[in-house]
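Trainee: Next one to model:
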Amino acid sequence: MIQLLFTLLAAEGAVAATLLFKTPLRRLAVLALDRLKQGRGPVMVRTIAATVLVVLASSLHSMAKIRGHAEGELDGAGVVGLTPTDQVLLARHLLEASLMGYSLFLALVIDRLHNYVKEIRRLKKKLEAVSKENKTMLEEATHGKPEESKPDQKDIFDAKDN
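Mentor: Next up is the predicted model:
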C-alpha cells in the first residue's frame, strides 16, 4: 500500500506542477481534469476520497491504540516504553497516515488550481474583448467613423454645387 501511495503522490505532484507553470502540458492537464469532472467522475472521486479518509482514520486509531497499549505497560523502572514490534507498527501507520493525508491535500490543491487556471483563462479572454472594444472606441473618438465622414463630404460637395 505504501508503494501505491508514493506513486499516487508522485502523480498528483506532477499534475500540480503542470498546472502551476504555463507549459504545453498545462492545456492537456486542464482538459483531462475537465473530462474527469464530467459525468460520474465527481461521484467516483468523492467515493475514493471518502474511502481514503476512512482508511486514514483507521490508521490514526491504530496508532492511538498502540500508544494506549504502550502507556499501560511499565518496565521495572516505571518508564513507559514501546516494544520493537509496536515501534515498527507505529512507524508504518504513521507513514501510511501521512501519505494519505498528503494525497488528500494535493487532491484539493489540484482542484483549486484547476478552477483558478480556468478562471484566469476566462478573465483573459474577457479582458482582451474589452480592450479591443476600448481601442476601437478610442480610434473612433480621435479619427471619427469612416461612415460618418463620407456623408459629411457629400454634404460639402452638394453645398458647393448650389
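Trainee: Only C-alpha atoms from now on, for both contacts and neighbour counts.
Mentor: Noted.
Trainee: I'd guessed residue 49 sits against residue 104; true?
Mentor: Yes. Here residue 49 reaches residue 104: they are 7.0 Å apart, a contact under CA atoms under 8 Å.
Trainee: Check the gap between residue 43 and residue 36 for me.
Mentor: Computed as CA to CA, to the nearest Å, the residue 43 to residue 36 distance reads 10 Å.
Trainee: any low-confidence regions in the chain?
Mentor: Applying pLDDT under 70 to the chain flags residues 72-80, 144-162.
Trainee: ok, and the closest non-adjacent residue to the residue most central in space within it?
Mentor: Nearest to the mean C-alpha position of the chain, by CA atoms, centre = their mean, lies residue 110 at 2.4 Å. Spatial nearest neighbour of residue 110, excluding adjacent residues (CA to CA, 6 or more residues apart in numbering): residue 16 at 5.5 Å.
Trainee: Now for the one you found, how many residues are close by?
Mentor: As a burial measure, residue 16 scores 21 neighbours (other CA atoms under 10 Å).
Trainee: And the helix or strand hosting it, what does it pack against?
Mentor: Using DSSP states H and E, residue 16 falls within helix 2-20. With contacts taken as 3 or more CA pairs under 8 Å, 6 or more residues apart in numbering; DSSP states H and E, helix 2-20 sits against helix 24-36, helix 84-143.
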